[in-house]
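J.: Could you look at this predicted model? Sequence included:
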Amino acid sequence: MASALGLVESAWFFRRGRQYVRIVRVDRRAGGLSLVVDGPEGSHVAHHFADPMACAIHQCELERQLVTKDFHLERVRAMRGSPVLVMPPLPPSPPGPMAA
């Protein structure tokens, strides 16, 4: 993670088969919020917001897009107070084909 200084508030894990997407909301010490999105397929992008409502609206849109692409919310973790640099890794992929 480059220069994102802040505290991790919470993380959402979405899964489609063996693909995972992690959305992490970060409370930036300099002000505002960031959404850090990891996956699928190794992609990584950070979105920065001064307004908490704009952040929430963008997160809802990201989640809607994931659901329309057959991703399912697997879990949510409240992580208030955890440093950005210790975000948990994506969960391991289960062996074998996934049951529908």
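T.: The structure has been received and is ready for your questions.

J.: May I have the beta-bridge partners of the most centrally placed residue in the chain?
T.: Residue closest to the mean C-alpha point of the chain, counted by CA atoms, centre = their mean, is residue 23 at 0.7 Å. Residue 23 has these beta-bridge partners by DSSP bridges: residue 12, residue 37.

J.: Touching, it and residue 34? I think so.
T.: No: Residue 23 lies out of contact with residue 34 (CB atoms under 8 Å); the separation is 10.7 Å. From N, CA and C alone the C-beta is placed, and that goes for glycine too.

J.: Pull out the buried positions in stretch 22-30.
T.: If you call a residue buried by 16 or more other CB atoms under 10 Å, then stretch 22-30 has these buried ones: 22, 23, 24, 25, 26, 27, 28.

J.: all strands for the protein, in order.
T.: 6-16, 19-28, 33-38, 44-49, 72-83 (DSSP state E).

J.: Using JSON lines, lay out the ones you listed together with distance to residue 59 and mean pLDDT.
T.: What follows is the strands of the chain, written out as JSON lines (distance: least, CB to CB, whole Å; pLDDT from 0 to 100):
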{"stretch": "strand 6-16", "distance to residue 59": "8", "mean pLDDT": "88"}
{"stretch": "strand 19-28", "distance to residue 59": "7", "mean pLDDT": "91"}
{"stretch": "strand 33-38", "distance to residue 59": "6", "mean pLDDT": "92"}
{"stretch": "strand 44-49", "distance to residue 59": "9", "mean pLDDT": "91"}
{"stretch": "strand 72-83", "distance to residue 59": "12", "mean pLDDT": "74"}
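
J.: Okay then, goodbye and thanks.
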